[in-house]
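S.K.: Structure here, sequence nowhere to be found:
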């Protein structure tokens, strides 16, 4: 059962963070907010560049050095209105290698804001819907999530968490990486993958890096990498 971690209860009931209507109103009110943003612009920028540089490092090696490198496919989920969109685009462009970067969100307001900022490929997608996720029509090397799964955990929405992990495993290639940025306890997140991941994730490759230490910013932030399991060959 999901329990909310590092999440103090305010006097009034908290909003339902798994409800798209909450986030649509949120982005209409605050069209330029970065989740996990710090009061220090320098630290906030460092957080975004750490995420982007990690994503770049996960580009698969070229199996044939005599051929052009394969296209690197990256899916940014729960994009909101984060400037991580531009940071990822900048890092991928500077690599001078072919890539596809897709940003998705469930709220029309955030999609509209990102399009107005010139983001190339942004789509209205409900990640809890398999048909929506399959409409992307691509297999990805990396999925980037800055706070999306946290919303399901903090709202206690076990069903959406399980469906979302299943859907992500469907469009992530074997051996591909799920890169998650969270202010939750990494051990708690590991238990979520164990309980709700339906054995599709290689937890031996559960890598944790602390991006913002206690006392440095508004919250302690971790970046977690999980690898999708390879399918065992049939006997």
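M.R.: Received the coordinates, thanks. This structure is a prediction, so every number in the text was calculated from the model and none was measured.
S.K.: going forward, measure contacts and count neighbours with C-alpha atoms only.
M.R.: Fine.
S.K.: low pLDDT regions in this protein?
M.R.: 1-14, 31-33, 35, 37-42, 214-218, 232-235 (pLDDT under 70).
S.K.: At the geometric centre of it, which residue sits there?
M.R.: For the chain, the residue nearest the mean C-alpha position is residue 145 (0.8 Å; C-alpha atoms, centre = their mean).
S.K.: Please give me every residue in contact with that residue.
M.R.: Listed by C-alpha atoms under 8 Å, 6 or more residues apart in numbering, the contact partners of residue 145 are 76-79, 178-181.
S.K.: So which of the residues you listed is the closest to residue 15?
M.R.: Among those, residue 78 lies closest to residue 15 (C-alpha to C-alpha), at 17.2 Å.
S.K.: what's the neighbour count on the closest one?
M.R.: Around residue 78 there are 23 other residues, counting by other C-alpha atoms under 10 Å.
S.K.: Quick check: closest non-adjacent residue to it.
M.R.: Nearest-residue entry for residue 78: residue 105, 4.7 Å, with adjacent residues in sequence omitted and distances by C-alpha to C-alpha, 6 or more residues apart in numbering.
S.K.: Next: residue 175.
M.R.: Per C-alpha to C-alpha, 6+ apart, closest to residue 175 is residue 228, 5.0 Å.
S.K.: Tell me the spacing between the one you found and residue 161.
M.R.: 16 Å (C-alpha to C-alpha, to the nearest Å).
S.K.: Equivalent analysis for residue 93, please.
M.R.: To residue 161, residue 93 is 32 Å away according to C-alpha to C-alpha.
S.K.: between the two, who's got more neighbours?
M.R.: More neighbours surround residue 161 than the other of residue 93 and residue 161, with 25 against 12 (other C-alpha under 10 Å).
S.K.: pretty sure that one contacts residue 155?
M.R.: No: in terms of C-alpha atoms under 8 Å, residue 161 does not count as a neighbour of residue 155; the distance is 10.2 Å.
S.K.: any idea which element residue 55 lies in?
M.R.: Using DSSP states H and E, residue 55 maps to helix 41-57.
S.K.: What residues of that helix count as buried?
M.R.: 43-44, 47-49, 51-52, 55-56 (16 or more other C-alpha atoms under 10 Å).
S.K.: what about it, distance to the chain center?
M.R.: Chain-centre distance of helix 41-57: 14 Å, with C-alpha atoms, centre = their mean, to the nearest Å.
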